[in-house]
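Engineer: test case, fold it:
(one chain, ligands or ions: 1)
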Amino acid sequence: MNYPRPFTPNQNRATFVAFEGIDGSGKTTQAHMLKDYLANRGIEVVLTCEPTSGPIGRAIRQAAVSPDPMSPEEETDLFIQDRADHVKNLILPALRLKQVVITDRYYLSTMAYQGARGLDPEAIRTKNELFAPSPDLTLLIDIPPAIALQRIQARGRHLEKFEMLDFLIRVRDIYLTQVNLGFPGLVLIDGRQEPTVIHQQVTNLVERLFGPRDSND
Ligand code: TYD
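Structural biologist: Numbers count the residues shown, from 1 in each chain. Predicted structure coming up:
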């Protein structure tokens, strides 16, 4: 019989999914919803994020609230070091075990954010691709920066270093440019939609990675 069904926990290949977007886009909510969806179907899934909670990730977060600004080059180096640990200690081991890995931010964030500070996104990409495996799917949750900032303020948080309107406009432009350039596996999702609607689009896209449905099901 041919009817829609959720995918089966048939994990014979590793799957690597990244969520990207500007601050306040809702990507963290979507990453959690996807993780729960997969876990509820018996799929082994790891949800992780960058900056990580390791020593370099913590140093990055501290620097974000410090009055001394880092140069874009220093910042890029730190994000790359943090990612190198992340890849070696968490992402690659999980992919080797054929687990689904979901990361909330990955190297497209460095291209977009440090690119928005004036560095060449393609040079950042090259440095990352020396060691970082490419995701099978990167979901760009896109929203206009003015809406993102309203959301962040509505959460009662004051704005951090990277959360300025003109800066987020540049970050978003780089993300959208990468969509137009055909960054492999990058899919644009309208982040202004209801979270449940976005989640449905996300699961449809992820399901495709698991291969065609068995027509006998
Ligand atoms: P974010 O995902 O917002 O973490 P949290 O919600 O836990 O604070 O990431 C923190 C900031 O780091 C965010 O403003 C984007 C920035 N960032 C970069 O500038 N470059 C990078 O490579 C990464 C991974 C993040």
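Engineer: which helix runs longest in this structure?
Structural biologist: helix 165-181 (DSSP state H).
Engineer: show me what that helix packs onto, helices and strands only.
Structural biologist: helix 107-116, helix 121-129, strand 137-142, helix 145-154, strand 186-190 (3 or more CB pairs under 8 Å, 6 or more residues apart in numbering; DSSP states H and E). Glycine gets a C-beta too; all of them are placed from N, C-alpha and C.
Engineer: for the third one, what is the average pLDDT?
Structural biologist: This predicted structure assigns strand 137-142 an average pLDDT of 98.
Engineer: can you list the strands that it pairs with?
Structural biologist: strand 15-20 (parallel), strand 186-190 (parallel) (DSSP bridges).
Engineer: highest mean neighbour count out of the ones you listed?
Structural biologist: Highest mean neighbour count among the strands paired with strand 137-142 (mean count of other CB atoms under 10 Å): strand 15-20, with a mean of 24.
Engineer: report the angle between the axes of that one and helix 165-181?
Structural biologist: 140 degrees (axes from the mean of the first three to the mean of the last three CA atoms, to 10 degrees).
Engineer: how about the residues of the chain near the ligand?
Structural biologist: Asp23, Glu50, Pro51, Phe79, Arg105, Ser109, Thr110, Tyr113, Gln114, Phe162 (CB under 6 Å from any ligand atom).
Engineer: which residue sits closest to the fifth one, ignoring its sequence neighbours?
Structural biologist: Closest residue to Arg105 apart from its sequence neighbours, by CB to CB, 6 or more residues apart in numbering: Glu50 at 4.4 Å.
Engineer: again, but for the third one
Structural biologist: Setting aside the residues directly before and after it, Pro51 is nearest to Gly57 in space (CB to CB, 6+ apart), at 3.8 Å.
Engineer: surely the one you found is in a strand?
Structural biologist: No - counting by DSSP: H, G, I helix; E, B strand; the rest coil, Gly57 is not found in a strand; it is helix.
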